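Chemist: Need the 3D shape of this:
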Amino acid sequence: MKTDSFRWADLLRFRKMLAPRLILLLYWAGNVALLLSAIGRIWTAFSLVGDGLTGLAWTLVGAALLFLCWRVVCELAILAFAIYERLGALLDTRAAEDASRSG
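Modeler: Predicted coordinates for the structure are as follows:
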């Protein structure tokens with residue numbers, strides 16, 4: 001049975017990675033920054049003469065694309081750590097199988 005409990009010893013001995021949790025925090029901070037940027041751009045689009053609806057449309061399209069790209073970048077970073085953890089588990093399983101065959 002797999003337990004995902006937090007233990008300081010696992011962090012201090014690098015058995016568990018801290019970065020995936022930090023990436024999640026960074027993802028939400030980035031979303032807030034992107035949202036504030038989009039709101040500022042919408043405000044600017046309405047305050048400039050001649051940029052009204054076209055500026056609003058481009059801002060909404062750009063914000064949607066930025067949110068999507070930011071999500072993909074964060075998922076790829078988390079994926080790299082997940083691959084590392086699964087490879088470690090696979091190596092441990094393989095070592096245990098080899099030890100049981102030889103012993």
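Chemist: From here on, just use CA atoms for contacts and neighbour counts.
Modeler: Will do.
Chemist: On the three-state scheme, the spatially most central residue of the chain is what?
Modeler: For the chain, Cys74 is the residue whose C-alpha lies nearest the centre (CA atoms, centre = their mean; 2.8 Å). Following DSSP: H, G, I helix; E, B strand; the rest coil, we place Cys74 in the helix state.
Chemist: Correct me if wrong: it contacts Tyr27.
Modeler: Yes - using CA atoms under 8 Å, Cys74 makes contact with Tyr27 at a distance of 6.4 Å.
Chemist: so for stretch 55-63, what's the average pLDDT?
Modeler: On average, the pLDDT along stretch 55-63 is 88.
Chemist: Same question for stretch 37-48.
Modeler: Rounded mean pLDDT across stretch 37-48 is 85.
Chemist: Next, the buried residues of it.
Modeler: 38, 41-42, 45 (16 or more other CA atoms under 10 Å).
Chemist: Out of the residues you listed, list just those in strands.
Modeler: Taking DSSP state E, every one of the buried residues of stretch 37-48 sits outside strands.
Chemist: Make CSV from those residues and add distance to Arg86 to it.
Modeler: Formatted as CSV, the buried residues of stretch 37-48 follow (distance: CA to CA, whole Å):
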residue, distance to Arg86
Ala38, 38
Arg41, 42
Ile42, 44
Ala45, 47
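Chemist: nearest to Leu91, of those residues?
Modeler: Nearest to Leu91, judged by CA to CA, of the buried residues of stretch 37-48 is Ala38 at 45.7 Å.
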